[in-house]
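Participant: fold the following for me, if possible:
(2 chains)
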Amino acid sequence: MTTTAVITLAAVLVIVLGVSVLTRPRHSSTVDFYLAGQRVGVITNSWAISGDYLSAASFLGVAAAVYVSGLDGAWYAVGFAAGFVPVLLLVAAPLRRYGEFSLADFLGRRLDSDAVRISSVGVVQLVILCYLVPQSVGGGITWELLVGHGIFGLSPYSTGVLLSTAVIAVVVAFGGMRGTTWNQAVQFLLLFSALIWLAVVLTADGFRYGDAVEQLSQQPLTNPELVDSGDQQSWQLVEETNFIQPEEPAVFGEPGARYGHLGQVALVVTLGLGTAGLPHVMNRYFTSPTGRAARSTTVWVLVLIGAFYALAVMMGTAARDIIPAAAQEHPWLRELTVDGVLRVPEHALPVLGRIYGDEAGLGLVAAAALIAAMSTVAGLLLASAATWGHDVYERHINPRATQRQAVWAGRLTTLVAAALAAGLAIALRPDAYTPAMPSLVATMVTWAFAVAGSALTPVIVLAIWWRGTTAPGALAGMLTGACLAVAMFLTAGMMQPSALRELMAAPTLLAAPAAVLVTVLISRKTRPPASVDAAWVIMHGTAADRQAERLATLTVEERRRRRAR
Amino acid sequence: MRYDDVPSAESPVQDEVRDTPAEADAAFRTLRRIAITYFTVFLVIVAAFPVLTMTLPWWTESRVTGNLSPGFLFAGVGLYLVLAVLGIAAATLSSSVESRMLGHQSPGPQSFSAEFDLPESGAADEADR
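Facilitator: Prediction:
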């Protein structure tokens, strides 16, 4: 292990553990463990939500997708960023005002149904697992590149998966939402700094965005593939098919290298609607003091992640432009490339870091990648703990549980979910899938968005905006959306490239309207809960917001008075 | 995020004006109209890219700022800017509507919980346990 690798890993550990110790929970209550006391300010929460949301899929995956597919890879960035617009317009403020612990609890209470709560737990767990596994994969990839060898006889990849998941599981289990919030906020700032540093050094070195796109678009887009040649396999550069104009070669700066027109729309809709159903992101809104604060937080998130994704797309372009020439100069790069093109596209950012900052640059980018994976894993584990610990254990298994028992149930489920995700990540090695998927990490995250956007988002939006939503309707809609989404993206994996396959691979465009239709049809034949009027005043009224704002003002005045004495 | 220095239970906060169901419903209808309008604008913006790619060669072939095509500039930079502006406008309008439409009735004789048959409470109950 190089000195840089040791310093990088030590820095990550010091940051994560240091923040966790400084912000450890002071009370053993579920409100503190799951919701950080519901007093997280707008700026802190926007950084934390950004840290939670910007996962390995965003940091490594978006640049990788642009690197492999050019403009078509940017659709991941567009979809990920666009997702917060529906959250802002339709979900953030009313969801927070209803003030529950988790999405499952929100739906269960709003529709006054345990069946809805339990079914939501199942769908939420499926989303969490689809999202957790690629984060652990990101941790494994980074360790493989940074350290290069494993411990206790494990491969470098497996070691990275196990260590990154284990560290964050312990931090979450003992730090709860309070520790996780500050960790995610600090981690976002580090992540953003790493991208800004790369953008500055690249530009200072003469990289010109427009010229690079222009130059890359002069030749057909090619990527490495493992090709059978006689009795052995070898890596070769293969031209990408143009899915919009098949008679012409696909090029970097124009759409068509990965998706047709329908595929573009389907991917953006899947990612855009999925965000509002992501349990780890939506649970963070319950930590805001008011609905209005939740709305303001979302505006900040839109600005921050917009800047982040614009930089990520630029980095994917820069990697494609710079690495072929750099491979001639740097012997270490030849092992990772085929004729100047990376075999594993997720290596794009770490490789850029090493080219421009040598071992220290690699260390910085690798630390940011590990941090990106860890901050999202933290949010996912906490969301998993909230659903199992609160919605299942406290509500159904042991309703008389003490606060201490409930918190320990959350901690235990955190560790179990982490072990399951690490096991699955080890079973799915990314380089085996690269030829079939633009970026394994980003593709697997798309599945999570597909289930969330098809099953949870339609029901959440209807529960907030349509009084007529009933428990049987929501249950049927949620199950329809989930089953359709899973069936469609599994079927897509077995289909030849076509417009239909693109639609099936990003299924929300079909599955979400189906879920809405089923929810509405069944709701019309059943009775809404008696508590709907009360729910409406809580979700769409602002009395609780005003009360919390006045309380905050009085608290500040009280502090001022005490200081003045 | 400190927990001490919080005003006592007898603080004037308890006198906060409640929202009536009629007020909340009126605000809900206005907010729904705002949400639908902005969501439609959002959908048009997102759908614009494939439509312009199919219909307007200028969108992918010409070069504008920084030698980038309008399409690449939109997907790489411009869209995030547009989304942020859209978000700021929608949030400002929604919050202003809430301020104008809610919180002006005097407190009624009944408590809120007595007025409605509320389902089992969540976080507040947990905090009291």
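
Participant: just give me the neighbour total for B:M54.
Facilitator: Counted with other Cβ atoms under 10 Å in any protein chain shown, residues neighbouring B:M54 total 12. Bear in mind the C-beta positions are built from the backbone N, C-alpha and C, glycine included.

Participant: could you report the distance from it to chain A?
Facilitator: 6 Å (Cβ to the nearest Cβ, to the nearest Å).

Participant: excluding chain neighbours, what is closest to that residue?
Facilitator: If you skip the residues right next to it in sequence, B:M54 has A:H261 as its closest partner in space, 6.1 Å away by Cβ to Cβ, 6 or more residues apart in numbering or on different chains.

Participant: how far away is that neighbour from B:V82?
Facilitator: With distances taken as Cβ to Cβ, to the nearest Å, A:H261 is found 20 Å from B:V82.

Participant: A:V171: what's it in contact with?
Facilitator: Counting by Cβ atoms under 8 Å, 6 or more residues apart in numbering or on different chains, A:V171 touches A:16-17, A:20, A:179-180, A:183, A:378.

Participant: quick check, nearest of those to chain B?
Facilitator: Set against chain B, the nearest of those by Cβ to the nearest Cβ is A:G179 (11.4 Å).

Participant: for the helix or strand hosting the closest one, give the mean pLDDT please.
Facilitator: Element membership for A:G179, per DSSP states H and E: helix A:156-204. On average, the pLDDT along helix A:156-204 is 84.

Participant: now the element after that helix, going C-ward?
Facilitator: On the C-terminal side of helix A:156-204, the closest following helix or strand by DSSP H and E is helix A:209-216.

Participant: that following helix near chain B at all?
Facilitator: Yes - part of helix A:209-216 sits near chain B under the criterion Cβ under 8 Å from any Cβ of the partner chain, namely A:209-211, A:213-214.

Participant: what is the burial count for residue 84?
Facilitator: Assuming you mean chain A. By other Cβ under 10 Å, 30 other residues sit near A:F84.

Participant: hmm, no, I was thinking of chain B.
Facilitator: Counted with other Cβ under 10 Å, the neighbours of B:A84 add up to 22.

Participant: over to A:E248?
Facilitator: For A:E248, the count of nearby residues is 11 (other Cβ under 10 Å).

Participant: same deal with B:A48?
Facilitator: Each residue near B:A48 was counted by other Cβ under 10 Å, and the total is 14.

Participant: where does it fall, secondary structure wise?
Facilitator: B:A48 is located in helix B:21-55, with elements delineated by DSSP H and E.

Participant: A:T44 is in contact with A:A293, correct?
Facilitator: No - counting by Cβ atoms under 8 Å, A:T44 is not a contact partner of A:A293; they are 10.7 Å apart.

Participant: these two: who's more crowded?
Facilitator: Neighbours per residue, other Cβ under 10 Å: of A:A293 and A:T44, the larger number sits with A:A293, 24 against 18.

Participant: residues from the stretch 451-565 of chain A in reach of chain B?
Facilitator: Applying Cβ under 8 Å from any Cβ, one finds that the stretch 451-565 of chain A approaches chain B through A:465, A:529-531, A:533-537, A:540-543, A:546-547, A:550-551, A:554-555, A:558-559, A:562.

Participant: which of these are buried?
Facilitator: Among those, those classed as buried by 16 or more other Cβ atoms under 10 Å in any protein chain shown are A:465, A:529, A:531, A:533-537, A:540-543, A:546-547, A:550-551, A:554-555.

Participant: in strands, which of these appear?
Facilitator: Secondary structure of these is defined by DSSP state E; no position falls in strands.

Participant: by contact count, what packs against the helix or strand where A:G473 lies?
Facilitator: Assigned by DSSP H and E, A:G473 falls within helix A:471-492. Contact analysis of helix A:471-492 by 3 or more Cβ pairs under 8 Å, 6 or more residues apart in numbering or on different chains; DSSP states H and E lists helix A:114-146, helix A:440-451, helix A:457-465, helix A:499-505, helix A:508-525 as its packing neighbours.

Participant: try it again with 10 Å
Facilitator: Contacts defined by 3 or more Cβ pairs under 10 Å, 6 or more residues apart in numbering or on different chains; DSSP states H and E place helix A:471-492 against helix A:103-110, helix A:114-146, helix A:261-274, helix A:440-451, helix A:457-465, helix A:499-505, helix A:508-525.

Participant: pick out the shakiest of these, pLDDT-wise.
Facilitator: Of all these, helix A:440-451 carries the lowest average pLDDT, namely a mean of 80.

Participant: what inclination does that one have with respect to helix A:261-274?
Facilitator: Between helix A:440-451 and helix A:261-274, the angle comes out at 70 degrees (axes from the mean of the first three to the mean of the last three Cα atoms, to 10 degrees).

Participant: just to revisit the earlier point, overlap in contacts of A:A293 and A:T44?
Facilitator: Residues touching both A:A293 and A:T44 (Cβ atoms under 10 Å, 6 or more residues apart in numbering or on different chains): A:T287.

Participant: neighbours of A:L22, how many?
Facilitator: Neighbours around A:L22, by other Cβ under 10 Å: 10.
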